[in-house]
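Enquirer: Got a sequence here, can you build the structure:
(2 chains)
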Protein chains: 2
Amino acid sequence: MATIRDVAKEAGVSVATVSRHLNNKGYVSNDAKQIIEKAITTLNYAPNQLARSLTTKQTNLLGLLVPDITNPFFPELARAVERTAYEHGYTVVLCNAGETSEKEKHYIRSLQQNYAAGFIVTTNHIEADFYKKLDVPIVALDRNLSEAIPTVTSDNVLGGQLVANYLVEQNVKRILCVRGPLDIDVANDRMRGFEEIMKQHPTIQYDTIVSPFDFESAKKVTLQQLQHTRDYDAVFASSDASAIGVMKAAESLGIHIPKDVSLVGYDGINIGTLLSPELTTIAQPISLMGERATELLIALIEGQKMTAKRVVFPPKLVVRNSTTKGTEL
Amino acid sequence: MATIRDVAKEAGVSVATVSRHLNNKGYVSNDAKQIIEKAITTLNYAPNQLARSLTTKQTNLLGLLVPDITNPFFPELARAVERTAYEHGYTVVLCNAGETSEKEKHYIRSLQQNYAAGFIVTTNHIEADFYKKLDVPIVALDRNLSEAIPTVTSDNVLGGQLVANYLVEQNVKRILCVRGPLDIDVANDRMRGFEEIMKQHPTIQYDTIVSPFDFESAKKVTLQQLQHTRDYDAVFASSDASAIGVMKAAESLGIHIPKDVSLVGYDGINIGTLLSPELTTIAQPISLMGERATELLIALIEGQKMTAKRVVFPPKLVVRNSTTKGTEL
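Expert: Got it, this is the predicted structure:
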């Protein structure tokens, strides 16, 4: 299937120039118009995607399924996916699949019926079998759906270890873990890494509570726990969104971060640098992950040889003010 | 065009039940299966959207174009659009059109070629003529594209007036306005309302600087301005995202909000309640706006009589801690 990018390459002009010509908007020189038209003829590029799609059973639409568009992690990921896809002549359609498998299937079904070229899936409410049976390229991003599905994640076990080692260094005695849902494998990996290190430090106590990865839920469960006992000197929230909820819970109880309690988040979203205090976190390379997943998907779609079926990026600890004990802001 | 919703209505079961049946996943009673199949036959509901689309030149895809998915206002709006569309049997495809008209046109062209049923547009980089010429239903949301295009906004002039009146009541003497881009009409309306009230209070001074509606840009321009002069007792940021940037700029200069400077934002995004201090803001009814725009678009698509071509919701002032002078947090 020729894409607008192929036309641009063949004509030796930018995608933007081809687009301007096709849209009849903006300046394109007569010479450029001629070489673009020639490239379109050579490549049999059909502006009517849909008619062509019935033959090729493929459009240039990439479906990106996210579980919660209001968690800032996903818009940042989506922006990277979208930018990479656009550069390759594809169009990303972002679907907020929400918290139910019903909705997720609805979206996949709907986009598949419209011959989406492929999917990037950051959700995991549906059993992996459902995805394996779909006859369409799929890449899992920030989720492990199945060994058979190409996957881009960061090393969440390592991330959990980094948190634990850092808190050990800080001489904390009792930690509250506000972990993610039990059915999300990256949340389990983060806890697993954390617990591996904690086993080596049996004098450090930790309690674990479960919360969805959103502000409000994390605030609520943290408030409940802190009303029960406040005897923590650190909190590990397994997403930055949850960490924001923890901050608000602490504030409403008059608990000062970092003076009374240190707080470590997870993800490395931009908003972490805009909070007061700025959030110490395990930063995933969000843009790189989005880019790489999109490149993998496009490679699958275009039948290119896969260089890797499983890409794992290292996360890194970013220390900011939410864990600088004794420092007044 | 029969949608899954029509099938559900005809069969007298929920959309979720029809979806479960169509996907062959989850429990559906044999009786329900029979009435759903009967409804599908009656309505000639075709699961292959694309083949049918070539005849009807329409799919159940609604395109939602947003300028910046990382500004939390748009995910909140998108969630409302998505929920409403889903309830009506449509699928929302969210496009991060970014900051260029080129990309915006690329998305519209791409979705139109795939016979999207209609568009909700929250961007405004493209001249209104482009939209008017498109032969597809369009609703403008939080933007005024053209008199000819149905529009859902809140009353941004009133919002600006509410800010000004509130700051007058607070006895402020000098205000910094961090206004939105000059080519965004809602930003202009907010300033217009503000200035109307200020004309009645000539002893109050105000300076105006322009910033895109994102954290980083607002932080940067505010820092520049505050390095020039710090003689303000209030800041009016014309989006909550900008207000977060202002907070960070103030913090980095050791300026305390609200003790030294009051801060008023605009939009009413959820994250405003999670900041420290919580953000005083002009709240737009984000969910209602998204719902209403979606209902209008679906009415246009389905050829229903339009009850209103222009829906304007009233915004309201929500006072929180960022303007409670002298209150220590």
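
Enquirer: My reading is that A:Ala116 lies in a strand. Confirm?
Expert: No. According to DSSP: H, G, I helix; E, B strand; the rest coil, A:Ala116 belongs to no strand; its state is coil.

Enquirer: which residues touch the closest residue to A:Val210 other than its chain neighbours?
Expert: Closest residue to A:Val210 apart from its sequence neighbours, by C-beta to C-beta, 6 or more residues apart in numbering or on different chains: A:Arg179 at 5.8 Å. C-beta: built from backbone N, CA, C; applies to glycine. Neighbouring residues of A:Arg179 by C-beta atoms under 8 Å, 6 or more residues apart in numbering or on different chains: A:187, A:190-191, A:208-211, A:238.

Enquirer: Can you list phi and psi of A:Arg179 for me?
Expert: Main-chain dihedrals, A:Arg179, degrees, to the nearest 10: phi -90, psi 160.

Enquirer: Got the confidence number for it?
Expert: Residue-level confidence at A:Arg179 comes out at 97, pLDDT.

Enquirer: try A:Tyr131
Expert: The model's pLDDT for A:Tyr131 equals 77.

Enquirer: That one sits in which helix or strand?
Expert: Here A:Tyr131 sits within helix A:128-133, counting by DSSP states H and E.

Enquirer: Same check on A:Val168?
Expert: A:Val168 belongs to helix A:156-169, assigned by DSSP H and E.

Enquirer: So what touches that helix?
Expert: A:175, A:186, A:189-198, A:201, A:204, A:234, A:236, A:262, A:264, A:266, A:282, A:284, A:314-317, A:319, A:323.

Enquirer: What subset of the contacts of A:Arg179 is buried?
Expert: The neighbour-count test (16 or more other C-beta atoms under 10 Å in any protein chain shown) marks A:187, A:190-191, A:211, A:238 as buried among the contacts of A:Arg179.

Enquirer: Out of those residues, flag the one nearest to chain B.
Expert: Nearest to chain B out of the buried ones among the contacts of A:Arg179 is A:Ser211 (C-beta to the nearest C-beta; 14.4 Å).

Enquirer: Would you agree the closest one is in contact with A:Leu176?
Expert: No. Applying C-beta atoms under 8 Å, one finds A:Ser211 not in contact with A:Leu176, separated by 11.1 Å.

Enquirer: what do the two both touch?
Expert: A:Thr222.

Enquirer: roughly how far apart are the residue minimising distance to the centre of chain A and chain B?
Expert: The centre of chain A sits closest to A:Leu77, judged by C-alpha atoms, centre = their mean, with a distance of 4.5 Å. Computed as C-beta to the nearest C-beta, to the nearest Å, the A:Leu77 to chain B distance reads 10 Å.

Enquirer: Pick out the residue of chain A closest to chain B.
Expert: Nearest residue of chain A to chain B: A:Val93, at 3.4 Å (C-beta to the nearest C-beta).

Enquirer: A:Ser242: how many residues sit nearby?
Expert: Neighbour count for A:Ser242, taken as other C-beta atoms under 10 Å in any protein chain shown: 30.

Enquirer: Please identify the helix or strand for it.
Expert: Using DSSP H and E, the element containing A:Ser242 is helix A:240-252.

Enquirer: Show me what that helix is packed up against.
Expert: strand A:174-179, helix A:215-228, strand A:234-237, strand A:262-267 (3 or more C-beta pairs under 8 Å, 6 or more residues apart in numbering or on different chains; DSSP states H and E).

Enquirer: who does the third one pair up with?
Expert: Listed by DSSP bridges, the sheet partners of strand A:234-237 and their directions read strand A:174-179 (parallel), strand A:262-267 (parallel).

Enquirer: Check these for me and report the most buried one.
Expert: Scoring the strands paired with strand A:234-237 by mean neighbour count under mean count of other C-beta atoms under 10 Å in any protein chain shown gives strand A:262-267 as the most buried, with a mean of 28.

Enquirer: now that strand, how far from the chain's geometric center?
Expert: 17 Å (C-alpha atoms, centre = their mean, to the nearest Å).

Enquirer: With just CA atoms, put whichever helix or strand comes after it into CSV.
Expert: Later in the chain than strand A:262-267, the nearest helix or strand by DSSP H and E is strand A:280-283. These are the backbone C-alpha positions of strand A:280-283, laid out as CSV (Å, rounded to 0.1, in the frame of the first residue of the first chain):
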residue,chain,number,x,y,z
THR,A,280,10.8,12.2,43.0
THR,A,281,10.0,9.4,40.5
ILE,A,282,11.1,6.5,38.5
ALA,A,283,11.1,8.0,35.0
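
Enquirer: tell me the mean pLDDT for strand A:280-283?
Expert: pLDDT averaged over strand A:280-283 gives 98.

Enquirer: Mind putting the helices and strands packed on helix A:240-252 into TSV with distance to A:Ala299?
Expert: Output for those, formatted as TSV (distance: least, C-beta to C-beta, whole Å):
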stretch	distance to A:Ala299
strand A:174-179	34
helix A:215-228	36
strand A:234-237	35
strand A:262-267	26
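
Enquirer: I'd like the domain boundaries of chain A, if you could list them.
Expert: A:4-47, A:156-285+A:317-323 (automatic domain parsing).

Enquirer: ok, of those domains, where does mean pLDDT dip lowest?
Expert: domain A:4-47 has the lowest average pLDDT among these, namely a mean of 80.

Enquirer: Return the distance of that one from the chain's centre.
Expert: For domain A:4-47 - counting by C-alpha atoms, centre = their mean - the centre lies 33 Å from the chain centre.

Enquirer: So which residues of the stretch 1-150 of chain A form helices?
Expert: For the stretch 1-150 of chain A, the helices defined by DSSP state H, counting those that start in this stretch occupy A:4-11, A:15-23, A:30-43, A:49-56, A:73-87, A:101-113, A:128-133.

Enquirer: Reformat these as a markdown table; add distance to A:Arg292.
Expert: Below are those laid out as a markdown table (distance: least, C-beta to C-beta, whole Å):
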| stretch | distance to A:Arg292 |
| --- | --- |
| helix A:4-11 | 18 |
| helix A:15-23 | 21 |
| helix A:30-43 | 27 |
| helix A:49-56 | 26 |
| helix A:73-87 | 9 |
| helix A:101-113 | 22 |
| helix A:128-133 | 19 |
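
Enquirer: quick one: which of the ones you listed is nearest A:His256?
Expert: Closest of those to A:His256 is helix A:73-87, at 26.3 Å (criterion: C-beta to C-beta).

Enquirer: what does the average pLDDT come to for the closest one?
Expert: The predicted model gives helix A:73-87 an average pLDDT of 92.

Enquirer: who touches A:Val13 in this structure?
Expert: Listed by C-beta under 8 Å, 6+ apart, the contact partners of A:Val13 are A:32, A:35-36.

Enquirer: In space, what's closest to A:Gln205 - neighbours in sequence excluded?
Expert: Closest to A:Gln205 by C-beta to C-beta, 6+ apart is A:Arg174, at 4.5 Å.

Enquirer: Would you mind listing the residues in contact with A:Leu65?
Expert: By C-beta under 8 Å, 6+ apart, the contact set of A:Leu65 is A:95, A:97, A:104, A:107-108, A:119-123.

Enquirer: Show me the beta-bridge partners of it.
Expert: In this structure, A:Leu65 bridges to A:Cys95, A:Val121 when assessed by DSSP bridges.

Enquirer: pLDDT score assigned to it?
Expert: Confidence at A:Leu65, expressed as pLDDT, is 93.

Enquirer: Same question for A:Lys57.
Expert: 52.

Enquirer: Ok, A:Arg292 next?
Expert: At A:Arg292, pLDDT is 96.

Enquirer: CA atoms only: put the one helix or strand it maps to into PDB for me.
Expert: Taking DSSP H and E as the definition, one finds A:Arg292 inside helix A:286-301. Output of helix A:286-301 as PDB, limited to C-alpha atoms (Å, rounded to 0.1, in the frame of the first residue of the first chain):
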ATOM      1  CA  ILE A 286       7.800   7.800  27.600                       C
ATOM      2  CA  SER A 287       8.600   9.400  24.300                       C
ATOM      3  CA  LEU A 288      11.100   6.700  23.300                       C
ATOM      4  CA  MET A 289       8.600   3.900  24.300                       C
ATOM      5  CA  GLY A 290       5.900   5.500  22.200                       C
ATOM      6  CA  GLU A 291       8.200   6.000  19.200                       C
ATOM      7  CA  ARG A 292       9.600   2.500  19.300                       C
ATOM      8  CA  ALA A 293       6.100   0.800  19.600                       C
ATOM      9  CA  THR A 294       4.900   2.800  16.600                       C
ATOM     10  CA  GLU A 295       8.000   1.900  14.600                       C
ATOM     11  CA  LEU A 296       7.500  -1.800  15.500                       C
ATOM     12  CA  LEU A 297       3.800  -1.700  14.500                       C
ATOM     13  CA  ILE A 298       4.600   0.000  11.200                       C
ATOM     14  CA  ALA A 299       7.300  -2.500  10.500                       C
ATOM     15  CA  LEU A 300       4.800  -5.300  11.100                       C
ATOM     16  CA  ILE A 301       2.200  -3.600   8.900                       C
END
